[in-house]
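Participant: sequence and predicted structure, then a few things I'm wondering about:
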Amino acid sequence: MLRLCLFFLVASVLGWCVDTLLRSVRRKRFAPIRPVPFSPLYGLASLGLWAMPEGVAAARWPLQFLTFAVGICAFEYVAGAAILRVRGARMWDYTDRHFHLHGHTDLFHFFLWGGLGLLAYRWALPAIAPALGLPGHLY
């Protein structure tokens, strides 16, 4: 359990770094979502990647891409709606983008999460998990 918590912490920091990089490039200035280099949503999503069923691991990359795109967009939508309901404010807002779902996720993020999920699942997860004493995947 301690190793899973460590994995969650590492993924939360790395997710914050990637998110900050993407925001900063888009806005052409340093633009973190929060000043603390930690985002628990990325940690939770990474635990989900780590726990993917064996059938996803055995699938070819297009099915893996679709699994991550749909799964992570659904997670982003639910998290965004829950945060809006609890805080009364949005942590992110995509209402200015085409093909968005209530501003919580959009078509751009469908492709982004599918690609990043695929890269994380095939490259980052197998490198990070064993370094933390975890198997590369749950199964």
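Facilitator: The structure has been received and is ready for your questions. Source: prediction; values computed, not measured.
Participant: report the buried residues of the helix or strand bottoming out on mean pLDDT in the chain.
Facilitator: Within the chain, no helix or strand scores below helix 54-58, which has a mean of 79 by mean pLDDT, DSSP states H and E. Neighbour counts over helix 54-58 (16 or more other C-beta atoms under 10 Å) mark residue 56 as buried. All C-beta spots, glycine's among them, are computed from the backbone N, C-alpha and C.
Participant: so how far is it off the chain centroid?
Facilitator: The chain centre lies 19 Å from the centre of helix 54-58; the measure is C-alpha atoms, centre = their mean, to the nearest Å.
Participant: next one: stretch 50-63
Facilitator: So, by C-alpha atoms, centre = their mean, the centroid of stretch 50-63 is 16 Å from its chain's centroid.
Participant: quick one: terminal-to-terminal distance for it?
Facilitator: Using C-alpha to C-alpha, to the nearest Å, the end-to-end distance of stretch 50-63 comes to 16 Å.
Participant: buried stuff in the strand or helix carrying residue 115?
Facilitator: For residue 115, the host element (DSSP states H and E) is helix 107-119. For helix 107-119, the neighbour count (16+ other C-beta under 10 Å) marks 109, 110, 112, 113, 114, 116, 117, 118 as buried.
Participant: now do the helices in the protein.
Facilitator: Along the chain, the segments classed as helices by DSSP state H run 2-27, 40-50, 54-58, 61-87, 107-119, 125-131.
Participant: please state the mean pLDDT value computed over the fourth one.
Facilitator: The predicted model assigns helix 61-87 a mean pLDDT of 94.
Participant: ditto for the first one
Facilitator: If you average the pLDDT over helix 2-27, you get 91.
Participant: tell me which other helices or strands that helix touches.
Facilitator: On a contact count with 3 or more C-beta pairs under 8 Å, 6 or more residues apart in numbering; DSSP states H and E, helix 2-27 meets helix 40-50, helix 125-131.
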